[in-house]
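# my questions are about this predicted structure, shown below with the sequence.
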Amino acid sequence: MSTADTSHSTAEVDRETDRPAIAEAAEVPPPEAARPVMTAAPAGSALGLRLFGSELGLVFRRRRNQALLTLLGAVPVMVGIALKLSTPRPDDGGPRLVSQVTGNGVFLTVGALFFVLPLILPLAISVVSGDSIAGEAGIGTLRYLLAVPAGRTRLLLVKYAVSVTFCVAAVTTLTATALVTGLLLFPVGPVTLLSGSTVSLGAGMVRLLLVAAYIAAGVATLAAIGLAVSTVTDSPIAAITTTAVLPVFSQVIDAVPQLRAVHPYLFTHWWYSYDDLLRAPIVTDHLTRGLLTFLAYTLVFGSLAWARFTSKDVTC
Amino acid sequence: MTTATEAGAPVVAPPPPADGHAIATHGLTKRFRGGQVAVADLDLAVPQGSVFGFLGPNGSGKTTTIRMLLGLISPTSGSHTLLGVPMPDGWATALPKVGSLIEGPAFHPHLSGEANLRRCDAADRTADPRTSRRRIGDALERVGLTAAAGKRYKAYSLGMKQRLGIAASLLRHRELLILDEPTNGLDPQGTREVRTLIREIAADGTTVFVSSHLLAEIEQVCTHVAVMRTGRLVAQGSLDDLRAGTGVRIRVDTPDTGAARGVLTGLGLTDVRGSDDEVSAELGGLPPERACAELVGVGVAVRGLAVVRPSLEDMFVELTGEGFDVDG
């Protein structure tokens, strides 16, 4: 299976390079044409691994999504350069984050994540997850996927898995460029945590990776929400916009003190609990509640998506 | 909620011995949310091995029927089987053996034709990835797209898009092919090629269910037809049966229409109709030469005499009304 998949994706990459049609045509009749047509398909196909690979290629080769990842990767570079050029004084009253970053480049990761978390990162996730089903419906390929048959539940799971993978890729891209930029532009050394104690650079890096993982889990909630939204409309733009507005709306409510009673139920409320990972020892109450909230949202919206999609009339 | 069935175990038992029908529907009805009835009480019987023409004007419910057949939309009432397997419950068993073109082709515009087919094949969990490359090459060759395989779909002409849609339905050996308006957007040469392709596929034993609003385009390849009008089935059967059902008429060109009417009526012919210079009647079993002799015998000035067999086209137009009009 893995061999087949590798050659499969290699071929797809080739296809993207706009080679002349003649060259493509020449490679059509393969030598192994004598093989039997219907041998039992490998187990991986039944699990949807092949479809997952194909969908992954579709999402990550799409220019729009590549642009989003590039944008996310550019944020820490821009922030890093801006901080480097601004030559801040330690006592000018700016955010503590700024002096932390300039004092230790490792903190650029946290800084960059903090900047993209309210809007840019959720927007990127919304684009991919909102487009997942509605995009196929919009261009009509959904009816063919279902007639193949891809299976409605299987297709939904694959689409969700691809959106979550994109979340991880987005956070990873940002974290990686932030680490590299931070190491290049600023001094690096033992990490002083928010609680005041200092840990070794290695231990500090582990903390940073935990922060990135927690944030990825938080924004991955949007993958389930976007999937659910994506099953109720045939317009990808409507699905993406709706999904992108929800976390913004949630954060607005979170900022209104009079609505304090509902704050614990907002998924974005727990996104910022990652700073508990930067204390010694790690304070877990909020982190645990956050993760449970993300899980609850994922289950609720995943169920909604499943209920809707498996009973939906596909008329587009 | 009738399509919410895939959570259940796929039907593992071999399909029950089909009653000889690749498609059988019983009282299939679809009423859309607005209350509009798109398909009403449809009883289709598509014999295995037939080339079945599914005819009707635009808007007569053909595509809605095809979507129900493939489990894309759930019927308001009624049931159907595909290759002997009850749908929609048996989708996992039946659909891999069914190739389809539904309401025109649809592919990802920024992928090449070949990459699009690779995606279709990847979605089919019962397809063998090891033969994928060869099967895709074969399908492209079959529809004459080999040279354009690497071109992006958005650069395809309408006819090429249609061909790619057909190629996708041919990625595997199918027992049933459902083609919705396969000749749309094709030039006369392309239309001929599609007909040839349908003949070849049918010769392999595949049942072909092909819809069209243009009878003439598929009449030559069909063994059976069904005719839809405003969501209802108005005729169904083998082409020979339907032709036999249409009356052969005798047409007499003459200025003496009154006398001619008298003679034809006197011969016991029915449905005698006439205009200023011609009279026609249903011939029934009467030899036309007898009518001719009789007419000449009583002195009717016969300028011309013809035996007219209504074409299937005439029948089609008669059954469906205006033919090209969009029905409610």
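Looks like it came in fine. It should be emphasised that the depicted structure is a prediction, and the values quoted were computed from it without experimental measurement.
# packing partners of whatever helix or strand residue B:137 lives in?
Using DSSP states H and E, residue B:137 falls within helix B:132-142. When contacts are defined as 3 or more Cβ pairs under 8 Å, 6 or more residues apart in numbering or on different chains; DSSP states H and E, helix B:132-142 packs onto helix B:113-123, helix B:158-169. For glycine as for every other residue, the C-beta is placed from the backbone atoms N, C-alpha and C.
# report the angle between that helix and helix B:158-169.
Orientation of helix B:132-142 against helix B:158-169 (axes from the mean of the first three to the mean of the last three Cα atoms, to 10 degrees) gives an angle of 140 degrees.
# pick the most deeply packed of the helices and strands packed on helix B:132-142.
helix B:113-123 (a mean of 26; mean count of other Cβ atoms under 10 Å in any protein chain shown).
# which strands and helices sit next to it?
Going by 3+ Cβ pairs under 8 Å, 6+ apart, helix B:113-123 lies up against helix A:2-15, helix A:49-60, helix A:141-147, helix B:132-142, helix B:158-169.
# now do the end-to-end distance for stretch B:249-263.
15 Å (Cα to Cα, to the nearest Å).
# distance between it and the chain's centre?
With Cα atoms, centre = their mean, to the nearest Å as the basis, stretch B:249-263 stands 38 Å off its chain's centre.
# redo the helices and strands packed on helix B:113-123 as a markdown table? Include mean pLDDT and distance to residue A:179.
Formatted as a markdown table, the helices and strands packed on helix B:113-123 follow (pLDDT from 0 to 100; distance: least, Cβ to Cβ, whole Å):
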| stretch | mean pLDDT | distance to residue A:179 |
| --- | --- | --- |
| helix A:2-15 | 40 | 27 |
| helix A:49-60 | 94 | 21 |
| helix A:141-147 | 96 | 38 |
| helix B:132-142 | 95 | 40 |
| helix B:158-169 | 93 | 45 |
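# so for residue A:303, which of the helices and strands packed on helix B:132-142 sits nearest?
helix B:113-123 (23.6 Å; Cβ to Cβ).
# so where's the chain shaky on pLDDT?
Going with chain A. For chain A, applying pLDDT under 70 flags the ranges A:1-47, A:87-97.
# looking at chain B here, not the other one
For chain B (pLDDT under 70), the answer is B:1-19, B:245-246, B:321-328.
# can you lay out the helices and strands packed on helix B:113-123 as JSON lines showing distance to residue A:231?
What follows is the helices and strands packed on helix B:113-123, written out as JSON lines (distance: least, Cβ to Cβ, whole Å):
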{"stretch": "helix A:2-15", "distance to residue A:231": "27"}
{"stretch": "helix A:49-60", "distance to residue A:231": "16"}
{"stretch": "helix A:141-147", "distance to residue A:231": "10"}
{"stretch": "helix B:132-142", "distance to residue A:231": "29"}
{"stretch": "helix B:158-169", "distance to residue A:231": "24"}
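# just to be sure, residue A:250 is in a strand?
No: under the criterion used here (DSSP: H, G, I helix; E, B strand; the rest coil), residue A:250 is helix, not part of a strand.
# for it, give its distance to chain B.
From residue A:250 across to chain B, the span is 30 Å (Cβ to the nearest Cβ, to the nearest Å).
# excluding its backbone neighbours, what's nearest that residue?
residue A:268 (4.2 Å; Cβ to Cβ, 6 or more residues apart in numbering or on different chains).
# can you count the residues close to the one you found?
For residue A:268, the neighbour count with other Cβ atoms under 10 Å in any protein chain shown is 24.
# over to the one 3 residues further on?
Number of residues near residue A:271 (other Cβ under 10 Å) recorded here: 26.
# got it, and residue B:108?
18.
# just the one 4 residues further on next, same as before
Residues within reach of residue B:112, counting by other Cβ under 10 Å, total 26.
# still on that earlier bit, between the helices and strands packed on helix B:113-123, which one is closest to residue A:257.
helix A:49-60 (39.4 Å).
# my read: residue A:283 touches residue A:276, true?
Yes: using Cβ atoms under 8 Å, residue A:283 is in contact with residue A:276, at 4.3 Å.
# between the two, who's got more neighbours?
A direct count of neighbours by other Cβ under 10 Å for residue A:283 and residue A:276 places residue A:276 higher, at 19 against 15.
# state the distance from that one to residue A:246.
25 Å (Cβ to Cβ, to the nearest Å).
# before we move on, what about residue B:24?
46 Å.
# same deal with residue B:129?
38 Å.
# okay, now the domains of chain B?
Domain assignment of chain B by automatic domain parsing yields the ranges B:21-30+B:39-238, B:247-309.
# so of the ones you listed, which one's packed in deepest?
Taking mean count of other Cβ under 10 Å, domain B:21-30+B:39-238 is the most buried of the domains of chain B, at a mean of 21.
# between the two ends of it, how far is it?
Terminal-residue distance, domain B:21-30+B:39-238 (Cα to Cα): 14 Å.
# how far out from the middle of the chain is that domain?
With Cα atoms, centre = their mean, you get 10 Å for domain B:21-30+B:39-238.
# then stretch A:284-291?
20 Å.
# show residues contacting stretch A:279-297.
If you take Cβ atoms under 8 Å, 6 or more residues apart in numbering or on different chains as the criterion, stretch A:279-297 is touched by A:193-195, A:197, A:199, A:214, A:217-218, A:220-221, A:224-225, A:264-265, A:267, A:269-271, A:273-274, A:276-277.
# quick one: that stretch to chain centroid distance?
With Cα atoms, centre = their mean, you get 19 Å for stretch A:279-297.
# give me the buried positions along it.
For stretch A:279-297, burial by neighbour count (16 or more other Cβ atoms under 10 Å in any protein chain shown) applies to A:286, A:287, A:290, A:291, A:293, A:294, A:297.
# in helices only, show me the residues you listed.
A:286, A:287, A:290, A:291, A:293, A:294, A:297 (DSSP state H).
# gap between the third one and residue B:303?
According to Cβ to Cβ, residue A:290 and residue B:303 sit 96 Å apart.
# what of the first one?
Remark: distance between residue A:286 and residue B:303 (Cβ to Cβ) = 101 Å.
# residues contacting residue A:135?
A:230, A:236, A:239 are the contacts of residue A:135 under Cβ under 8 Å, 6+ apart.
# which of the residues you listed lies closest to chain B?
Chain B has its nearest neighbour among the contacts of residue A:135 in residue A:236, at 12.6 Å by Cβ to the nearest Cβ.
# okay, now the closest one: neighbour count?
Residue A:236: 20 neighbours (other Cβ under 10 Å).
# my read: it touches residue A:134, true?
Yes: contact criterion Cβ under 8 Å: residue A:236 and residue A:134 qualify, at 4.4 Å.
# list residues touching both of the two?
By Cβ under 8 Å, 6+ apart, the residues touching both residue A:236 and residue A:134 are residue A:230.
# columns distance to residue B:93 on top of the helices and strands packed on helix B:132-142, output as a markdown table?
Formatted as a markdown table, the helices and strands packed on helix B:132-142 follow (distance: least, Cβ to Cβ, whole Å):
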| stretch | distance to residue B:93 |
| --- | --- |
| helix B:113-123 | 17 |
| helix B:158-169 | 18 |
